[in-house]
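below are the sequence and a predicted model for it; my questions follow.
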Amino acid sequence: MGFQHSGNAYWIQIEFNGMNTELIFIIVFACFGSFLNVVIHRYYSKESVIFGSSHCPKCKYKIKWFDNIPIVSWLFLQGRCRACKKPISFIYPIVEILCAFIGYSLFFSADHFFISGYKHDWSLSIALLSFFVFCGFLVITFIDLKSKIIPHRFLIFSGLNVFFIHFLTGNKSDSFMDGLIGMFTLAVSLAGVLWIGSLMLKRDAMGWGDVKMALVIGFLLGLNFGYVAIFTAIFTGAVFGLLMMASKKMKNQNYRNLEMPFGPFLALGTYLTFLYGPKLINDFFSILS
């Protein structure tokens, strides 16, 4: 571990060598995912995220530390509360696994790291802030899936971390300006799509929370790669929607009024573009040619 000066920013650098280091980081990320589960659950219960011990949402049994180990405890208890034996949602280990995967990919995929049209010197500072951005998006994803709303507080949290990313890059003003342009252009574009979709479908095509999320995405990725993220989100959302419609049709269920939150696909599109932006563009044009 050491410090390196680059431009106006000081980077904290760590040499990632060996499987043990990677495993330690994965465990830490999974533990952070466990905290995100608390954030998601207590958003609905209105409980304090900081104060109050972990407990079963059904019987209020205080969970012991050995029953609170990310992923492992859920598997060991077979997805049930030790006290009341009622099911514990599979969402808990899913969030922990996703958080561990996101953290690992951000900290150990330096060759693919890309942000706002500028490939930065790899640093722990940028990786950590990027991880926090996507932690906010992960919370938004599961709240949007359940309630079809995107809370402002988590957008603000992710947006502040994007601002600090730009701040730490020192004198890279072009990157910051590209982020500002992308922020407003993407939001206006998505608002236009929302308006046109509402006219065509005669109902809301998406929520204004998605437009606000586009502000953060544009600020993070800039104009060009912001559009890559949006198109990736639309493509993955369309594929998933068609699969859902086909599934409902096969079960003779009504599929015409199928509603899907768009926030999770925006988060996925942003994540893929953030890591693989140039590659996504090259693959797209290679398909066209």
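Arrived safely, thanks for sending.

could you give the average pLDDT over the helix or strand where Leu215 lies?
Using DSSP states H and E, Leu215 sits within helix 208-250. Mean per-residue pLDDT for helix 208-250: 88.

for His55, give me phi and psi.
Note on His55: its backbone torsions stand at phi -150, psi 160 [degrees, to the nearest 10].

now do the contacts for it.
Under the criterion of CB atoms under 8 Å, 6 or more residues apart in numbering, the neighbours of His55 are 61-63. All C-beta spots, glycine's among them, are computed from the backbone N, C-alpha and C.

also Ile27?
70, 100.

so, low pLDDT: which residues of this protein?
Within the chain, the stretches with pLDDT under 70 are 1-19, 109-123, 170-174, 201-206, 248-258, 283-289.

quick one: the helices in it, in order.
Counting by DSSP state H, one finds helices in the chain at the ranges 19-45, 72-76, 91-107, 124-147, 152-168, 173-201, 208-250, 263-288.

leaving out sequence neighbours, find the closest residue to the residue most central in space within the chain.
Closest residue to the average C-alpha location of the chain: Phe137 at 3.3 Å, with CA atoms, centre = their mean. Using CB to CB, 6 or more residues apart in numbering and skipping residues adjacent in sequence, the residue nearest Phe137 is Ala267, 4.0 Å away.

and stretch 80-100, how far from the chain's centre?
19 Å (CA atoms, centre = their mean, to the nearest Å).

ends of that stretch, how far apart?
The straight-line separation of the ends of stretch 80-100 (CA to CA, to the nearest Å) is 22 Å.

mind listing what's buried in that stretch?
Neighbour-count burial for stretch 80-100 flags 81-82, 88, 92-93, 95-100 (criterion: 16 or more other CB atoms under 10 Å).

check stretch 223-234 too.
Residues of stretch 223-234 classed as buried: 223, 225-230, 232-234 (neighbour count, 16+ other CB under 10 Å).
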